[in-house]
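>>> Quick one, fold the following:
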Amino acid sequence: MKAFLVALLAAVLCAQPASSLFCYTCDNEHSNWNCLKTYKCEDHEKYCTTTYSSAGFGKDAGHRITKKCSVDCPETNVNFGVAAFSTKCCSTSLCNFSGANSVRTSYAVMILGIAASLGWVIRAGL
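A predicted model of the protein is given here:
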């Protein structure tokens, strides 16, 4: 009986914990409210990611949200003025609830780009 208990203790201590990461998932949705479906990630997927992209400005601005499980953590934050792209990741269950909407088109970057383009056109025309 004692040998069985020692063997059982050794098996419990050496066992790998089962992956139970759950993430919210959606693909190219317009609203974060459409991204509340949960999904049990595969054992090799260790992160939940949220990708937020936007393009345009004013009333013509559009944005998309994609959430999923991921093997790696590809955090990015790119802003081109009229287009922006951001990916955030986390590693606990249902941690990707937010729409990662901190990335918005930057009017300052857009105006600077337009001014630089106009300057280049005017300079090239002289």
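>>> And the strands in the protein?
Using DSSP state E, the strands assigned to the chain run over residues 22-29, 37-40, 47-55, 62-70, 76-79, 83-90.
>>> Can you tell me which of those strands is nearest to N96?
Closest approach to N96 among the strands of the chain is made by strand 47-55 (3.9 Å; CB to CB). For glycine as for every other residue, the C-beta is placed from the backbone atoms N, C-alpha and C.
>>> ranking the strands of the chain by burial, who's on top?
strand 47-55 (a mean of 22; mean count of other CB atoms under 10 Å).
>>> mind listing what that one pairs with, with the direction of each?
Using DSSP bridges, the strands paired with strand 47-55 are strand 62-70 (antiparallel), strand 83-90 (antiparallel).
>>> Export those strands as JSON lines, with columns for mean pLDDT.
Conversion of the strands paired with strand 47-55 to JSON lines gives the following (pLDDT from 0 to 100):
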{"stretch": "strand 62-70", "mean pLDDT": "94"}
{"stretch": "strand 83-90", "mean pLDDT": "93"}
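>>> how about these in CSV, adding distance to K46?
Shown next, in CSV, are the strands paired with strand 47-55 (distance: least, CB to CB, whole Å):
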stretch, distance to K46
strand 62-70, 8
strand 83-90, 9
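>>> my guess is Y39 meets D27, correct?
No. Using CB atoms under 8 Å, Y39 is not in contact with D27, being 11.4 Å away.
>>> shared neighbours, those two?
Common neighbours of Y39 and D27, counting by CB atoms under 8 Å, 6 or more residues apart in numbering, are K68.
>>> In the protein, where is pLDDT below threshold?
Within the chain, the segments meeting pLDDT under 70 span 1-19, 59, 99-126.
>>> let's see it at 80
Applying pLDDT under 80 to the chain flags the ranges 1-19, 57-61, 99-126.
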